[in-house]
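Engineer: Predicted model follows, preceded by the sequence.
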Amino acid sequence: MRIKIFLLTLIIAALACNLPTDSAPTPDTQAIQNLARTQAAIELTQTAIAAPTKASPANTVAPTTAATPKATPIPSTAAPQNGSISGTLGYPSSGIPPLAVYAISKDDPKRFSFVLTNLNQNNYTIKDLTPGVYVVVAYATVGNNTITGGWTQAVPCGLSVSCTDHSLTPVTVKSGENVTGVDIKDWYAPEGTFPPRPIK
């Protein structure tokens, strides 16, 4: 009998241990929900950190390109302006026949310019001469002969008997310059002193 009572007591005690008691704490539903949200936020943050980020178009910095230097054109040198030679005419006679007055390049006799004068014209001007050094010679046709005169050292000397230098005086024409006082009056040079009339 005592054994049965002891066994019954053990069974009741065991059952009593498995029964919920009023003193056991009840789960906090709000805390569980907050914990779940926190865990989800942590997982999302970890996912965002692990995933490669893409820069938004607004924040994308375009690659810089080195500036291409622009060639500054070098100012071109102004083309030299043509000049002219002018002077008076003389002739060993009572009148001055028509003349062909030439400015001949001293460096290149094939380069020349000329002007034709009228009967008794006592002055001349040869225009549009490129800058350079020239000799100035006039040609007169008398009958079948060509007589030649020029601007020589004898002209400023006075063309007297003592003025024996009949060499042609070089005339330098600079850019845009009009050279005056080149007087064609020496018709007394020995034959062959002056160049023959240039032919185009």
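Structural biologist: Received it, and whenever you're ready, just let me know what you need.
Engineer: Assign a three-state SS to residue 85, would you?
Structural biologist: Assigned by DSSP: H, G, I helix; E, B strand; the rest coil, the conformation of residue 85 is strand.
Engineer: can you map out the strands along the chain?
Structural biologist: 83-88, 100-105, 112-116, 123-129, 132-142, 145-150, 171-173, 178-179 (DSSP state E).
Engineer: Now do the same contact list for the nearest residue to residue 134 once chain neighbours are set aside.
Structural biologist: With sequence-adjacent residues excluded and distances taken as CB to CB, 6 or more residues apart in numbering, residue 134 is closest to residue 103, at 4.3 Å. Glycine gets a C-beta too; all of them are placed from N, C-alpha and C. If you count contacts by CB atoms under 8 Å, 6 or more residues apart in numbering, residue 103 has them with 85, 112-114, 126, 129, 134-136, 171.
Engineer: about what we covered before: need the strands of the chain in JSON lines (columns: mean pLDDT).
Structural biologist: Converted to JSON lines, those look like this (pLDDT from 0 to 100):
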{"stretch": "strand 83-88", "mean pLDDT": "98"}
{"stretch": "strand 100-105", "mean pLDDT": "98"}
{"stretch": "strand 112-116", "mean pLDDT": "98"}
{"stretch": "strand 123-129", "mean pLDDT": "97"}
{"stretch": "strand 132-142", "mean pLDDT": "96"}
{"stretch": "strand 145-150", "mean pLDDT": "95"}
{"stretch": "strand 171-173", "mean pLDDT": "98"}
{"stretch": "strand 178-179", "mean pLDDT": "96"}
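Engineer: a markdown table for those strands, including distance to residue 156?
Structural biologist: As requested, the strands of the chain are arranged in a markdown table below (distance: least, CB to CB, whole Å):
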| stretch | distance to residue 156 |
| --- | --- |
| strand 83-88 | 12 |
| strand 100-105 | 18 |
| strand 112-116 | 22 |
| strand 123-129 | 17 |
| strand 132-142 | 14 |
| strand 145-150 | 13 |
| strand 171-173 | 13 |
| strand 178-179 | 14 |
